[in-house]
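Visitor: this one's structure only:
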């Protein structure tokens, strides 16, 4: 049986996903597994999934805007965002204000915005986004307010699952499968 990304999403998500033009992502606990690693010199290390990166590259390929919004001041997140070519906001204390500024900049609306997050700093954005998603490993309080909780764990393809649903709902899968991946040279 062929892979159907929409089969993993609950009822109502496909319709919401079909109109998304901006995806905003928390970093720790969403794009990473949420663990913080530090070397002996105090340098922060994080692990990111290339599956998530490829999904984000496909969103960009089809004109869906992507932004990372994190409360932590993290050089690692800044580097990963630049590597992917996504708009990256680090050290953000008011994620909702940041998301709203991005919505305005891109001429969109909250209804056309997807937010993916895992814990209390993401709650305001998750409550108002047109599509709100939490990774399988999100805190239970967050899971209670989102439209959908992924099957995949944070840092292990949860964001890719979201990307696949958005791309499928917007009819881009045939072009992706025919094109064998990203054509704009972005690395995953």
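Guide: Perfect, thanks for sending it. On a predicted model such as this, the values are computed, not experimentally measured, just so you know. Numbering: from 1, shown residues only.

Visitor: Can you give me the neighbour number for residue 143?
Guide: 15 (other Cβ atoms under 10 Å). Every C-beta, even on glycine, is put in place using the N, C-alpha and C of the backbone.

Visitor: Contact partners for it?
Guide: Residues counted as contacts of residue 143 (Cβ atoms under 8 Å, 6 or more residues apart in numbering) are 134, 149.

Visitor: let's see it at 10 Å
Guide: By Cβ atoms under 10 Å, 6 or more residues apart in numbering, the contact set of residue 143 is 118, 134, 135, 136, 137, 149.

Visitor: And it, its phi and psi?
Guide: Main-chain dihedrals, residue 143, degrees, to the nearest 10: phi -60, psi -30.

Visitor: rewinding a little: out of the contacts of residue 143, which sit inside strands?
Guide: Using DSSP state E, 134, 149 are the members of the contacts of residue 143 that sit in strands.

Visitor: between the contacts of residue 143, which is nearest residue 69?
Guide: The nearest member of these to residue 69, counting by Cβ to Cβ, is residue 118 at 12.6 Å.

Visitor: Distance check, the closest one against residue 162.
Guide: In this view, residue 118 and residue 162 are 12 Å apart by Cβ to Cβ, to the nearest Å.

Visitor: what do these two both touch?
Guide: Counting by Cβ under 10 Å, 6+ apart, the contacts common to residue 118 and residue 162 are 30, 133, 135.
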